[in-house]
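A.B. asks: kindly return the folded structure for what I paste below:
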Amino acid sequence: MEVPVVAKQATADKRQRRERGSINPDDIISGAFELAEQVSIDNLSMPLLGKHLGVGVTSIYWYFRKKDDLLNAMTDRALSKYVFATPYVQASDWRETLRNHARLMRKTFMGNPILCDLILIRAALSPKAARLGAQEMEKAIANLVEAGLSPEDAFDTYSAVSVHVRGSVVLQRLYEKNQSSDAGSRAIEDAVSIDPEKTPLLAQVSRIGHRIGAPDETNFEYGLTCILDHAARLIEEGAKVRSGAKSGSRPRKATKSSPRSKATAER
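C.D. replies: Numbers count the residues shown, from 1 in each chain. Prediction:
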């Protein structure tokens, strides 16, 4: 099997070989991140990492029995750095802090392909990383509840934002990864035939910069605003119901319900 050219280049300049027992797990993980930046997560291998670190591959297997174990350790470190770099959602200003939270999540993943591959595409978290992620989600949802959403609506809102961010990032990342393949890659909009005579509306909006199905800034911000607007309406409706209950008047029946409520009613 031929070693990819990029892998050959990454290992061309060999480091001075370390003494036996001079490597530790943190050094191995740091070296793995360095190597992954050069060859990608997909092409990262234990033998290549051993050459990169200047140690025998058995020294790596002493701490990590297989590649998945190493990737789990890398994910733990990446997730810790990502969580601490992401602003918290605050109840007092839930809309702007949730918006900033989503924007920074997207910016962080878009700017770090290794982070995206480990956390979003590979999507295999160790128990430690899964617990950390759940704890951070709990904090965000608790603050949305404090802001006026029901626990169910708070969960749905945060989940929708999370899916929106991940979908945008993964679409862009997959497009970038496919560009390097032999088959090449096209964006969704490239596959859509826009004829000004047959599709005048598509032609009109395309001329002013709108892109069909593209994970760009415009589409991301529009989707995020829709989610936040819906959450704001739910908070407003809930406040009216609580206000009516306190005054002793019979609360008006809400004209709109959440998507989850509709789904439950239709079952």
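A.B. asks: identify all contacting residues around the helix or strand encompassing Met74.
C.D. replies: For Met74, the element it lies in under DSSP states H and E is helix 67-85. Here helix 67-85 makes contact (Cβ atoms under 8 Å, 6 or more residues apart in numbering) with 25, 28-29, 32-33, 36, 41, 44-46, 49, 60, 64, 104, 108, 114-115, 118-119, 122, 124-126, 128-129, 132-133, 136. Where C-beta positions appear, they are placed from N, C-alpha and C, glycine not excepted.
A.B. asks: of these, which belong to helices?
C.D. replies: Per DSSP state H, helices hold the following members of the contacts of helix 67-85: 25, 28-29, 32-33, 36, 41, 46, 49, 60, 104, 108, 114-115, 128-129, 132-133, 136.
A.B. asks: residue contacts, Val170?
C.D. replies: Cys116, Leu120, Ile121.
A.B. asks: repeat that with 7 Å
C.D. replies: Leu120, Ile121 (Cβ atoms under 7 Å, 6 or more residues apart in numbering).
A.B. asks: ditto for Ile23
C.D. replies: Leu53, Val55, Ser59.
A.B. asks: please redo it, this time with the cut-off set to 10 Å
C.D. replies: Listed by Cβ atoms under 10 Å, 6 or more residues apart in numbering, the contact set of Ile23 reads Gly31, Gly50, Leu53, Gly54, Val55, Gly56, Ser59, Ile60, Trp62, Tyr63.
A.B. asks: state the distance from the fourth one to Ile23.
C.D. replies: Distance check for Gly54 against Ile23: by Cβ to Cβ, to the nearest Å, it reads 9 Å.
A.B. asks: do the same with the fifth one
C.D. replies: For Val55, the distance to Ile23 under the criterion Cβ to Cβ works out to 5 Å.
A.B. asks: identify the contacts common to these two.
C.D. replies: Going by Cβ under 10 Å, 6+ apart, residues that sit against Val55 and also against Ile23 are Gly31, Trp62.
A.B. asks: name the helix or strand for the closest residue to Leu224 other than its chain neighbours, please.
C.D. replies: Nearest non-adjacent residue to Leu224, counting by Cβ to Cβ, 6 or more residues apart in numbering: Ala102, 5.6 Å away. Per DSSP H and E: Ala102 is located in helix 94-110.
A.B. asks: same question for Ser206.
C.D. replies: helix 200-207.
A.B. asks: what residues of the following helix or strand past that helix count as buried?
C.D. replies: Using DSSP H and E, the next helix or strand after helix 200-207 towards the C-terminus is helix 217-247. For helix 217-247, burial by neighbour count (16 or more other Cβ atoms under 10 Å) applies to Asn219, Phe220, Gly223, Leu224, Ile227, Leu228, His230, Ala231, Ala232, Leu234, Ile235, Glu237.
A.B. asks: show me how far helix 217-247 is from its chain's centre.
C.D. replies: 24 Å (Cα atoms, centre = their mean, to the nearest Å).
A.B. asks: burial of Asn100, as a residue count?
C.D. replies: Applying other Cβ atoms under 10 Å, we find 16 residues neighbouring Asn100.
A.B. asks: do the same with Gly209
C.D. replies: Neighbours of Gly209 using other Cβ under 10 Å come to 8.
A.B. asks: returning to that earlier point: mind giving me the PyMOL select for the contacts of helix 67-85, buried ones only?
C.D. replies: Typed into PyMOL, the line below selects the buried ones among the contacts of helix 67-85, using 16+ other Cβ under 10 Å:
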select buried, resi 28+29+32+33+36+41+44+45+46+49+60+64+108+114+115+118+119+122+125+126+129+132+136
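A.B. asks: kindly report the domain assignment for the chain.
C.D. replies: Using automatic domain parsing, the domain parsing of the chain gives 1-65, 89-240.
A.B. asks: out of the buried residues of helix 217-247, who's nearest Thr157?
C.D. replies: Ala231 (4.5 Å; Cβ to Cβ).
A.B. asks: so which residue is dead centre in this protein?
C.D. replies: Centroid-nearest residue in the chain, with Cα atoms, centre = their mean: Arg166, separated by 3.8 Å.
A.B. asks: any buried residues in whichever helix or strand that one is part of, and which?
C.D. replies: Using DSSP H and E, Arg166 maps to helix 151-179. Judged by neighbour count (16+ other Cβ under 10 Å), helix 151-179 contains these buried residues: 153-158, 160-161, 164-166, 168-173, 177.
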